[in-house]
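Asks: Fold the following.
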Amino acid sequence: MAAPAKAPDNVAAWFEIPASDFARAVGFYEKVFETRLITEKMMGAQLAVFPYERPGMSGCVIQGEGYTPGRDGCVIYLETKGALDGPLARAAANGGKVALAKTALPEGMGFYAHFVDSEGNRVGLHSMQ
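Replies: Okay, the predicted model is just below:
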């Protein structure tokens with residue numbers, strides 16, 4: 001039996017979105033994506049993990065030493081199952097703001113947008129609709 005193929009070195013494996021107010025940030029993302037995050041503590045930090053199925057990639061909202069929210073760092077993009085309008089509206093209604101409205105990518109690549117979350121992080125969205 002052949003060994004499973006190794007993922008390329010440039011593929012995201014995990015993401016962490018810093019939070020200064022953990023409960024507020026978890027509530028924000030649960031409302032924006034209409035889901036429940038799985039909370040746990042690990043190595044002195046509080047985590048709220050976005051639901052996923054293996055071998056899919058995921059990440060979390062995190063509060064702990066060394067994690068400071070900010071809008072000038074790396075931008076992660078979260079995939080949405082439907083059009084971007086719903087998550088963008090829910091972000092604005094729950095303490096965030098739209099930083100870049102829904103924008104078309106080249107044909108066949110879908111759409112993207114940015115919002116600033118309840119903690120001040122800039123986050124990207126992507127959808128084919």
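Asks: L47 and T39 touch, don't they?
Replies: Yes. In this structure, L47 is within contact of T39 by Cβ atoms under 8 Å, at 6.8 Å. The C-beta positions use only the backbone N, C-alpha and C, and glycine is treated the same way.
Asks: Compare those two (neighbour count), which wins?
Replies: Between L47 and T39, counting by other Cβ atoms under 10 Å, L47 is the more crowded of the two (21 against 14).
Asks: so that one sits in a strand?
Replies: Yes. Judged by DSSP: H, G, I helix; E, B strand; the rest coil, L47 forms part of a strand.
Asks: For it, list the residues it contacts.
Replies: Shown here is L47, whose contacts under the criterion Cβ atoms under 8 Å, 6 or more residues apart in numbering are T39, E40, K41, C60, V61, I62.
Asks: make it 7 Å
Replies: Residues counted as contacts of L47 (Cβ atoms under 7 Å, 6 or more residues apart in numbering) are T39, E40, C60, I62.
Asks: separation between the first one and C60?
Replies: In this case it means T39. To C60, T39 is 9 Å away according to Cβ to Cβ, to the nearest Å.
Asks: Kindly point out which residues are neighbours of both of these two.
Replies: Here T39 and C60 have L47, A48 as joint contacts, going by Cβ under 7 Å, 6+ apart.
Asks: For the closest residue to F33 other than its chain neighbours, which three-state class applies?
Replies: Leaving aside its sequence neighbours, F33 sits nearest to P87 (Cβ to Cβ, 6 or more residues apart in numbering; 6.5 Å). Here P87 is helix, with the state taken from three-state DSSP.
Asks: Look up the pLDDT of P87 for me, please.
Replies: As predicted, P87 sits at a pLDDT of 96.
Asks: ok, it touching K31?
Replies: No. Under the criterion of Cβ atoms under 7 Å, P87 is not in contact with K31, lying 9.6 Å apart.
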